[in-house]
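Asker: Make a model of this:
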Amino acid sequence: MPRHQFGLEFLHLFGHGSLPVVVLPIHQHQRHRSGTRFDLLELDLITPTPVAGRNTSVGIIAYDQYGAVFTGYNGPECLSFTGAANAPYGRAPSYTNAGTCSGGNVVDFVNGVGTANLTLFDAQSITLSATDVPTSVAGLTTLSVAPGVLQNLAVAPQTSNPVAGTPFATDLTAFDEYGTSIRTTPALNASPSPDRRTH
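Answerer: Residues are numbered from 1 along each chain as shown. The predicted structure follows:
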């Protein structure tokens, strides 16, 4: 039968004495494979069509230098997110709902895989970057944020001096609730009424 002594397991071989074998706990094999290190974050958009003001889920996977999932990346990890701008009305993006950490936001990982829940308010195409704060290991993805709900309309004359009784063109622009323009329709014809006041 094998016996243990100071971290060594001795296998008794009939007629050949004992052969020492190093014994390591199973979790050390799983989390710290010899020669591997945390090397890359890969971001993958889960929400098909991100919309301003709504939750957007982004999957994040940690990899080692050989392209295998780095399963030692576990528990709450501190990530810094960049790439999203404030909305025109000033609303700043919210990156996760798991709280903040020194220099970033918390994302929970299980065996190298996590999900960040973001809320972006500026409707535009962006390159979203996530960086592991302690190691500076990073990853990125591109996504397009669609405008939110229609909130108001703005009418702007194309001429600076409209003349009463003379048609002129205007631009009609729709905005969402965060100030992002949804659509501009140019060259609408307007015809101001002449001044009918009596003198």
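
Asker: Select the helix or strand of the chain having the lowest average pLDDT value.
Answerer: helix 26-31 (a mean of 34; mean pLDDT, DSSP states H and E).

Asker: low pLDDT regions in this protein?
Answerer: Regions of the chain meeting the criterion pLDDT under 70 cover residues 1-34, 183-199.

Asker: how does it divide up, domain by domain?
Answerer: 36-144, 150-190 (automatic domain parsing).

Asker: Could you say which of those domains is packed most deeply?
Answerer: The highest average neighbour count among these, using mean count of other CB atoms under 10 Å, belongs to domain 36-144 at a mean of 17. Quick note: C-beta positions are derived from backbone N, CA and C, even for glycine.

Asker: centre of the chain versus that one, how much separation?
Answerer: Put simply, domain 36-144 sits 4 Å off its chain's centre (CA atoms, centre = their mean, to the nearest Å).

Asker: thinking again about what came up before, list the pairing partners of the next helix-or-strand element following the least confident helix or strand of the chain within its sheet, with orientation.
Answerer: Using DSSP states H and E, the helix or strand that follows helix 26-31 towards the C-terminus is strand 38-45. Using DSSP bridges, the strands paired with strand 38-45 are strand 55-64 (antiparallel).

Asker: And the contacts of the strand it pairs with?
Answerer: The contact list for strand 55-64 (CB atoms under 8 Å, 6 or more residues apart in numbering) reads 33, 36-47, 50, 69-70, 73, 79, 107, 109, 112-120, 128, 130, 137, 139, 141, 143, 145.
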